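>>> Sharing a model prediction with you, sequence too.
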Amino acid sequence: MEQIELTEPWKAVEHAGHMPRLISPEPGRVQAYHHLDRTDAFDVDVTAADARAEDYAALVLPGGVANGDLLRWQRPAVDLVRDFVAAGKPIAVICHGGWVLIEAGGVTGRRVTSWPSMQTDFRNAGATWVDEEVVVDGPLISSRKPDDLPAFCKELVETLADVR
């Protein structure tokens, strides 16, 4: 995953008084990246197979090309995202994190943004793709890239305040 797309929302959520948890298909540690360069590794709190949507207020899907591509074929990750969609719970997605949301059937009829190269994927999945810093459509928050993180984190924190 793109490290800054994990750490900035994490800090914003913590600062707002919430307790983020790192969910991954596999236990252990998750390797983060800055583009294609390795950065830090982070401890996994719970596996996707063990996580239940009802135990969380929201789901954040960080980007990174490899992360987005890997998650979309990990059945426990797709199932967890599908459960969040079915429950109408907030999902915040940035950059390439949207591939797993597409795989889970969570974008049909939604207005979204993402890294520009994903616009065809979103449109083919039934979404309306726009090139904007942050888009909020019901429980779905989306942004394009790391430069959009301030707006993305603001919307995520405001959404979490409404969930309390």
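Received the coordinates, thanks.
>>> ok, now how distant is the most centrally placed residue in the chain from residue 113?
With distances taken as C-alpha atoms, centre = their mean, the chain has residue 61 as the residue nearest its mean C-alpha position (1.4 Å). For residue 61, the distance to residue 113 (C-beta to C-beta, to the nearest Å) stands at 13 Å. No exception for glycine: its C-beta is placed from N, CA and C like everyone else's.
>>> and if you look at residue 46?
In terms of C-beta to C-beta, residue 46 sits 29 Å off from residue 113.
>>> same deal with residue 5?
Taken as C-beta to C-beta, the span from residue 5 to residue 113 is 14 Å.
>>> Repeat that for residue 12.
19 Å.
>>> Quick check on the two: which one has the bigger neighbour count.
Neighbours were counted for residue 12 and for residue 113 using other C-beta atoms under 10 Å; residue 113 has more, 29 against 21.
>>> Contacts only, for the more buried one.
129, 130, 131, 132, 133, 134, 135, 142, 143, 144 (C-beta atoms under 8 Å, 6 or more residues apart in numbering).
>>> so what does the lowest-mean-pLDDT helix or strand in the chain touch, helix or strand wise?
The least trusted helix or strand in the chain, going by mean pLDDT, DSSP states H and E, turns out to be helix 65-71, with a mean of 91. Using 3 or more C-beta pairs under 8 Å, 6 or more residues apart in numbering; DSSP states H and E as the contact test, the elements touching helix 65-71 are helix 98-103.
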